[in-house]
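> need a structure here:
(one chain, ligands or ions: 1)
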Amino acid sequence: MAEQKIPYKIYLSEDEIPKQWYNVRADMKTKPAPLLNPATLEPMTFDDLRPVFCDELVKQELDDDTAYIDIPLDIQDFYRMYRPAPLVRAYCLEKKLQTPAKIYYKFEGNNTSGSHKLNSAIAQAYYAKKQGLKGVTTETGAGQWGTALSMACSYFDLDCKVYMVKVSYEQKPFRREVMRTYGASVTPSPSDTTNVGRQILERYPGTTGSLGCAISEAVEVATTNEGYRYVLGSVLNQVLLHQSVIGLETKAAMDKYNITPDIIIGCAGGGSNLGGLISPFMGEKLRGEKNYDIIAVEPASCPSFTRGKYAYDFCDTGMVCPLAKMYTLGSGFIPSANHAGGLRFHGMSSTLSQLYHDGYMRAVSVEQTSVFEAAEQFARVEGILPAPESSHAIRVAIDEALKCKETGEEKTILFGLTGTGYFDLVAYQKFNDGEMSDYIPTDEELQKSFDSLPKVDK
Ligand SMILES: *Cc1c(COP(=O)(O)O)cnc(C)c1O
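Numbering: from 1, shown residues only. Below is the predicted model:
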C-alpha cells in the first residue's frame, strides 16, 4: 500500500539539489593508488600536476580525506538549469517484464549534451575561469564530453579546443556541429596540429584514432600554450567527485519514500557515472552501515574490469600522461571500430578499480546486440531512446528483474540511465538492419596489449 504512493517520477525541489559533493575516497580504508610520474615513478605532487590541470582541480584530485566539498554557488546556479534529474519508477517496464522486482532509474539525459557529463564539465570550466585561464583542451570519443564541455565553456566565456576521435568526427557530424554552435573548435584526431599526432599518423597511417591518442594531443596543446589547461571527462578522482551529485540526489529522492535499493547498476566506461551514482551508497557500505549489490556493466568488446589487469598503466597512447593504477587492457588497446558508443577507454577509474579489487562491487560484461535488444525493449515502454552506453545498464537491470521473476523475489533495482541516444542513430540503424556484430577480443589480442604494460613494481 505504501507502494501505491510512489509516483512515476520522484522529483526533488531545487533547494534539495546537493550543496556539497561527496568524496568516497574519504571512507575508503585502502585509498586508490596515487598517480605516478612516468619519469621518476614517484607519486605525482601538486606541483607536478599544475602544468596540466587547474590548481583547484589538482587539489580535488589529490584529496583522499575530505568527505564533503562545497559546490561553488555559480555551479549550483548552473545545476538549477537542468537539475534535479528525475528518479523514475519504471512501472511500465516492470509490467512488460511481469517481474515482481521494483525498478528505478536516475535519468541524466535532460540537457543538450544528452548525458551526465555536464555535471563535471561545468565544474571544470568554473575552476579554469576562476584561475583566470584563457581556455581548456580536451578529447572526445563519441562526442558527449566534448558537447558538455563546449556548453560549460560558452557559459563561462572560455575557449574550448576539442580533439575528437577521427572515426567519430566522421560518423557523428551532428555532435560536431553542436560543439561548434557552442563555440568550440573541433579537430579530428590524430591530427597534424601536434607533435604526438604527427608521430602517430606516421606510425599508423590511415588510423581512425582512439581516445588514448586524442588525450595525448589535447595534453600537448594545453601544456604548450600559455593560459590553457587540459580537462578530462571521466576516469579521474575529481570527475567522480563532481558526479557524486547523481548519487546524492538519487539517495535523497529514495529516502523520501523509504526506498532502499538491493541492487545498484551502472555502465562503466571510465567509471564516472557509476562512481557518482553509487557514491553515497558505497559510503554506507564502506562504513559498514548497509550492504548493496553493486554491479559495473562493461562491453564485452572493451572489458577492462572483467578481463583486464590491475596494474599501473598509461592513460594515453602517446605516454605523456601520469601512470594510473587501474584495471586496464593496456594503453595500446584499440577497441573494434564496430563498437558503438563511449565505453571505449582501455582503463578504469583508479577509485573504482580499488573498490572492485577489494570486493565492494562486481562487474559483468555484455555483448552489443543484447545491449541494443534491451535498449529497444526499454524505449518501447519507457518512452526514452537510451544512449547505447546507458543501455548496458538497462541490459543487466532487465536480466536481474527476470531473475526475480523466476525466484519470486521482490528486489529493488536501481540503475543509472546516463543519457539519450539521438546522436547514435547510425548504431540503431545497424541494429534495425540486423547488421550489428558482437566483437569480442581474443586472449591473444589482449595478451599482446598486456605485454606493453609499463614495468612498475608498485
Ligand atoms: C561517457 C558516457 C558514459 C561512460 O562514461 P563513464 O565515465 O563511465 O560514466 C556512459 N553513458 C553516457 C551517456 C556517456 O556519455
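> how about the residues of the stretch 101-250 of the chain near the ligand?
Contact residues (C-beta under 6 Å from any ligand atom) of the stretch 101-250 of the chain with the ligand: 115, 117, 144, 234. C-beta here means a position set from N, CA and C on the backbone, and glycine is covered the same way.
> if you set the cut-off to 5 Å instead, what comes out?
115, 144, 234 (C-beta under 5 Å from any ligand atom).
> now do the first one, the pLDDT please.
Reading off the confidence values, Ser115 has pLDDT 97.
> swap in the last one?
Looking at Ser234, its pLDDT reads 93.
> I figured it hits Leu274, correct?
No. Shown here, Ser234 and Leu274 do not form a contact pair, counting by C-beta atoms under 8 Å, at 10.0 Å.
> compare those two (neighbour count), which wins?
Taking other C-beta atoms under 10 Å, Ser234 and Leu274 do not tie; Leu274 has more neighbours (34 against 26).
> extract the C-alpha trace of stretch 157-164 and format it as CSV.
These are the backbone C-alpha positions of stretch 157-164, laid out as CSV (Å, rounded to 0.1, in the frame of the first residue of the first chain):
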residue,chain,number,x,y,z
ASP,A,157,33.3,32.5,-21.9
LEU,A,158,36.3,30.3,-22.1
ASP,A,159,38.0,29.0,-25.3
CYS,A,160,37.4,25.3,-25.8
LYS,A,161,39.6,23.1,-28.1
VAL,A,162,38.3,19.6,-28.7
TYR,A,163,40.3,16.7,-30.2
MET,A,164,37.7,14.3,-31.5
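> counting neighbours, which bits of that stretch end up buried?
By 16 or more other C-beta atoms under 10 Å, the buried positions in stretch 157-164 come out as 158-164.
> kindly report the same for stretch 396-415.
396-401, 404, 411-415.
> now distance to Thr442, secondary structure and pLDDT too, for these, in a markdown table please.
Below are those laid out as a markdown table (distance: C-beta to C-beta, whole Å; DSSP: H, G, I helix; E, B strand; the rest coil; pLDDT from 0 to 100):
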| residue | distance to Thr442 | secondary structure | pLDDT |
| --- | --- | --- | --- |
| Val396 | 24 | helix | 98 |
| Ala397 | 29 | helix | 98 |
| Ile398 | 28 | helix | 98 |
| Asp399 | 25 | helix | 98 |
| Glu400 | 29 | helix | 98 |
| Ala401 | 32 | helix | 98 |
| Cys404 | 35 | helix | 98 |
| Lys411 | 36 | coil | 98 |
| Thr412 | 38 | strand | 98 |
| Ile413 | 33 | strand | 98 |
| Leu414 | 35 | strand | 98 |
| Phe415 | 30 | strand | 98 |
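> near the ligand, from those?
Okay, of the buried residues of stretch 396-415, nothing touches the ligand (C-beta under 5 Å from any ligand atom).
> elements contacting the least confident helix or strand in the chain by mean pLDDT?
In the chain, the helix or strand scored least confidently by mean pLDDT, DSSP states H and E is helix 166-171, which has a mean of 88. Judged by 3 or more C-beta pairs under 8 Å, 6 or more residues apart in numbering; DSSP states H and E, the packing partners of helix 166-171 are strand 185-189.
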